[in-house]
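A.B. asks: predicted coordinates and the sequence they were generated for:
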Amino acid sequence: MQFTETELQGVWLIEPTSMVDDRGSFTRLFCEKEMADCGLATRFVQHSRAHSVKKGTLRGLHYQEEPYAEIKLVSCVRGAIFDVVVDLRPNSPTRYNWLGFELTPENMKQVYIPAGFAHGLQTLTDDTEVSYLISQFYTPNASTGVLYNDPAFSISWPLMPTAMSDRDKRWPLIRRRTAAGAS
Ligand SMILES: Cc1cn([C@H]2C[C@H](O)[C@@H](COP(=O)(O)OP(=O)(O)O[C@H]3O[C@@H](C)C(=O)[C@@H](O)[C@H]3O)O2)c(=O)[nH]c1=O
């Protein structure tokens with residue numbers, strides 16, 4: 001496995017190293033030791049999958065408030081996604097910066113998202129499935145979000161959104177949220 005820390009400190013791209021032979025290939029997707037050697041969390045308490053029917057489906061941008069903030073390890077197991085992280089850490093020099101990654105079952109890339117980030121994704125094909133390893137239990141009262149097209153982030157989504165939850169269409173702008181006292 002190849003671990004690369006991105007320009008957003010704490011966000012890592014994990015790429016596989018496949019062993020190929022006449023039968024096919026073998027690929028390690030998770031290694032407690034290799035993760036720990038990079039200082040990454042290795043304890044995940046939930047493993048979830050989300051299926052999206054339509055190309056262009058947009059989910060996010062989501063996070064859980066402290067003390068339920070999550071670390072996520074995201075990959076795409078069917079179809080293709082554009083996966084997005086946004087730095088919301090109050091004292092971060094890259095606060096409100098974002099990064100996007102194309103994840104597919106073929107490239108087997110995984111994005112490691114630390115606490116303090118919002119996460120979202122857009123599907124690039126019909127019939128897409130995303131896998132999440134998550135470090136915290138789902139806590140609906142702590143679950144919140146920011147708007148996918150908030151000008152504070154200026155995220156370049158690859159497609160016009162074709163499907164979104166009502167909740168995701170209505171998150172407040174980050175400026176309004178921070179003015180109201182939340183981080
Ligand atoms: C996220 C989640 C949702 N649910 C339920 C709540 C609801 O009835 C249904 C769908 O929930 P949502 O609309 O929040 O699903 P979704 O919009 O796919 O939420 C996900 O979005 C991406 C971007 C993430 O980063 C994930 O962590 C998660 O927040 O599933 C759980 O039971 N457990 C969970 O962990």
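C.D. replies: Everything's here; your move.
A.B. asks: only C-alpha atoms for contact and neighbour calcs from this point on.
C.D. replies: Fine.
A.B. asks: in terms of pLDDT, where does the closest residue to Ala163 other than its chain neighbours sit?
C.D. replies: With sequence-adjacent residues excluded and distances taken as Cα to Cα, 6 or more residues apart in numbering, Ala163 is closest to Thr57, at 4.5 Å. What the model reports as pLDDT for Thr57 is 98.
A.B. asks: now do the contacts for Thr57.
C.D. replies: Contacts of Thr57 were listed using Cα atoms under 8 Å, 6 or more residues apart in numbering, and they are Gln122, Thr123, Pro161, Thr162, Ala163, Met164.
A.B. asks: just those residues that are near the ligand?
C.D. replies: Applying Cα under 6 Å from any ligand atom to those, one finds that nothing falls near the ligand.
A.B. asks: most neighbours, which of those?
C.D. replies: Thr123 (31 neighbours; other Cα atoms under 10 Å).
A.B. asks: partner residues bridging that residue?
C.D. replies: Thr123 has these beta-bridge partners by DSSP bridges: Ile81.
A.B. asks: which residue packs closest to Pro16, ignoring adjacent ones?
C.D. replies: Met1 (4.6 Å).
A.B. asks: does that neighbour touch Glu15 like I think?
C.D. replies: Yes. Counting by Cα atoms under 8 Å, Glu15 is a contact partner of Met1 at 5.7 Å.
A.B. asks: tell me how far stretch 58-75 lies from the chain's centre.
C.D. replies: 7 Å (Cα atoms, centre = their mean, to the nearest Å).
A.B. asks: same question for stretch 64-77.
C.D. replies: Put simply, stretch 64-77 sits 7 Å off its chain's centre (Cα atoms, centre = their mean).
A.B. asks: that one spans what distance, first to last residue?
C.D. replies: In stretch 64-77, first residue to last residue: 24 Å (Cα to Cα, to the nearest Å).
A.B. asks: near the ligand, which residues of the chain are found?
C.D. replies: Checking the chain against the ligand by Cα under 6 Å from any ligand atom, the hits are Ala50, Arg59, Gly60, Leu61, His62, His119, Gly120, Leu121, Tyr138.
A.B. asks: so what's the second one up against?
C.D. replies: In this structure, Arg59 makes contact with Gly120, Leu121, Gln122, Met164, Ser165, Asp168, judged by Cα under 8 Å, 6+ apart.
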